[in-house]
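Enquirer: I need the structure of the sequence given here:
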Amino acid sequence: MELKKILKDVDVLSDIYDIQNFDIKKLSARAQDDITQGLFFCYEGKHNMLDMAKLAIKNGAKVLVTEKKLDLDIKQIVVKDIRKAIGQIAQNFFDTKSIKVIGVTGTNGKTSTTFIIKHILEQAGKKVGVIGTNGVYFADTFIPANLTTPDPIDLHEMFSIMKKGKADYIVMEVSAHAIHLKKIEGINFVCKIFTNLTQDHLDYFKTMENYQKAKMDFFCGDDLMIINADDETGQKIIQRNINAVSYGINSPCDCFAIEVNKNGNEYILNISDNVISVKSHLYGLFNVYNSLASAVSCYFLGISIDDIQKGLQSVKQVEGRFNVFEYQGKKIIIDYAHTPDGLEKVLKTARELTDGKLYCVFGCGGNRDKSKRKIMGAVADKYSDYSFITSDNPRNENPNDIIEDIVSGFNSTNYYKIEDRASAIDVAIKSMNYGDTVIICGKGSEKYMEIGEKRVNYCDFDVVNSIIGDNYAD
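Expert: Numbering: from 1, shown residues only. Okay, here's the model as predicted:
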């Protein structure tokens, strides 16, 4: 593609007259890639800019994009904001401006909400792609995820594939990091959804105020906004955007749920005075919120109430999100909960499903927000009968140090420390009696354990299956 077309609407500070007709074959922000006849984005990061630029040139880069000219013998384009420019250039290069994207942001509930929306839209005959924590799904294609929101070049390449496959909508999770780093610049969001905001990612954002600002920055302009009115940050977004559509259970709002049963799988929805009753396969009050957000967004995108009701009642459990297995009169639940709020919500829901004792297996990630470890220990101590504290992506920290941080939140001695996660799950399951429940939290559908700089093959589902075999029903 001609460079002048790639740079459409980009705030370029340098003169590009002599290179505007260059034919660019690829884009890259990774210097180690093959960048033959390509454009390389060179910006400040954990690696030295000059070293990265030299490596990119060695690997075939034809032009550099940067915020300041480097002392190198290569054509360079100087832009005002390189992070903003990457998204704009990727969108131009892959021709993805016309696609319809539904963006879901919030601390918890993003993955479930995207999959519920996908199911409702497919019920209505639409062709839908999903991009998020669980991976990329479109038609018969699945691509594992490294990031909740992929980097702009990868993201727009995925958009392009889905566009060629005639996707009607793409539903994607939008992380706070992606908003802050401008990864979503220029995307045509036809609907933006806010689920909730609770403590997470303070290793990156440092304060809850910074984290909140990143989420709130997503909600601007005249886009369709579907906002949780029962959340404090949601209320701030609603006050700032008078056209936002509110949803909730406890607060006055445009669309709401009533008569929710204790398991959270039966309820009545009022969507702009259209009333439907739902009997769902999804458990928990948190899934009522996820379903309500999904239903409201689909309604305002023109989906019929009948298709919304059928979609909500037929959607199955989302992989790694409160997956319930019945096993010899006991229950085993696998969930992704990795924040204090998420852990509290799933434990409360698991308690409603449990006749006997409730056991919790969980850990906390290394090189991440340390302040939440003690809080999660206190939550587990309060809402479960006994906890098995173990590893969860220790990365470059000592797993036992993380475990001790968690233990500091316990007032009781109702816990057992066991570093090896598979062993912790095995001991927990074998400790159960009839009517008991074990809930395994933190990893959900992840297929790896991050240890040091490596990702080692690991999956909670595989561990559970190895212990109980085929002796269960989901």
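
Enquirer: next up, the contacts around the closest residue to D230 other than its chain neighbours.
Expert: Counting by C-beta to C-beta, 6 or more residues apart in numbering, G248 is the residue found nearest to D230 once chain neighbours are left out, at 4.0 Å. All C-beta spots, glycine's among them, are computed from the backbone N, C-alpha and C. When contacts are counted by C-beta atoms under 8 Å, 6 or more residues apart in numbering, G248 is found next to N228, A229, D230, G234, F256, A257, Y289, L292.

Enquirer: again, but for S251
Expert: When contacts are counted by C-beta under 8 Å, 6+ apart, S251 is found next to A229, D230, Q235.

Enquirer: compare those residues and tell me which is most surrounded.
Expert: If you count neighbours using other C-beta atoms under 10 Å, the busiest of the contacts of S251 is A229, which has 22 neighbours.

Enquirer: helices of the stretch 351-474 of the chain, start to end?
Expert: Counting by DSSP state H, counting those that start in this stretch, the stretch 351-474 of the chain has helices at residues 371-383, 399-407, 421-430, 460-468.

Enquirer: okay, these, which one's buried deepest?
Expert: Relative to the other members of the helices of the stretch 351-474 of the chain, helix 371-383 carries the highest mean neighbour count by mean count of other C-beta atoms under 10 Å, namely a mean of 21.

Enquirer: how about the CA coordinates for that helix, as CSV?
Expert: Included here for helix 371-383 are C-alpha records, laid out as CSV according to Å, rounded to 0.1, in the frame of the first residue of the first chain:
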residue,chain,number,x,y,z
SER,A,371,-1.8,-5.1,48.1
LYS,A,372,-4.7,-7.3,47.0
ARG,A,373,-3.1,-10.5,48.3
LYS,A,374,-4.0,-9.9,52.0
ILE,A,375,-7.5,-8.7,51.0
MET,A,376,-8.1,-11.9,49.0
GLY,A,377,-6.9,-13.9,52.0
ALA,A,378,-9.5,-12.1,54.2
VAL,A,379,-12.2,-12.7,51.6
ALA,A,380,-11.5,-16.4,51.4
ASP,A,381,-11.4,-16.7,55.2
LYS,A,382,-14.8,-15.0,55.5
TYR,A,383,-16.7,-16.8,52.8
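
Enquirer: packing partners for it?
Expert: Secondary-structure packing of helix 371-383 (3 or more C-beta pairs under 8 Å, 6 or more residues apart in numbering; DSSP states H and E): helix 340-352, strand 358-362, strand 386-389, helix 399-407, strand 415-417.

Enquirer: tell me the angle that helix makes with helix 399-407.
Expert: For helix 371-383 against helix 399-407, the angle by axes from the mean of the first three to the mean of the last three C-alpha atoms, to 10 degrees is 60 degrees.

Enquirer: distance between helix 371-383 and the chain's centre?
Expert: Its chain's average C-alpha position is 22 Å from that of helix 371-383, according to C-alpha atoms, centre = their mean, to the nearest Å.

Enquirer: CSV for the helices of the stretch 351-474 of the chain, including mean pLDDT and distance to K110?
Expert: Conversion of the helices of the stretch 351-474 of the chain to CSV gives the following (pLDDT from 0 to 100; distance: least, C-beta to C-beta, whole Å):
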stretch, mean pLDDT, distance to K110
helix 371-383, 98, 18
helix 399-407, 98, 24
helix 421-430, 98, 24
helix 460-468, 95, 20
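
Enquirer: would you list these in JSON lines and tack on distance to E326?
Expert: Putting these into JSON lines (distance: least, C-beta to C-beta, whole Å) gives the following:
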{"stretch": "helix 371-383", "distance to E326": "22"}
{"stretch": "helix 399-407", "distance to E326": "29"}
{"stretch": "helix 421-430", "distance to E326": "13"}
{"stretch": "helix 460-468", "distance to E326": "10"}
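
Enquirer: I'd say I117 and V296 touch.
Expert: No: using C-beta atoms under 8 Å, I117 is not in contact with V296, being 10.2 Å away.

Enquirer: neighbour count: the two, which is higher?
Expert: Taking other C-beta under 10 Å, I117 and V296 do not tie; I117 has more neighbours (29 against 26).

Enquirer: in a helix, the more buried one, correct?
Expert: Yes: when DSSP: H, G, I helix; E, B strand; the rest coil is applied, I117 is found to be in a helix.

Enquirer: if I pick L72, what's in contact with it?
Expert: The contact partners of L72, taken as C-beta under 8 Å, 6+ apart, are L50, A53, K54, I57, L64.

Enquirer: now, which of the residues you listed lie within strands?
Expert: L64 (DSSP state E).

Enquirer: of the contacts of L72, which count as buried by neighbour count?
Expert: Applying a neighbour-count criterion of 16 or more other C-beta atoms under 10 Å, the buried members of the contacts of L72 are A53, K54, I57, L64.

Enquirer: and the residues you listed, which of them are in helices?
Expert: A53, K54, I57 (DSSP state H).
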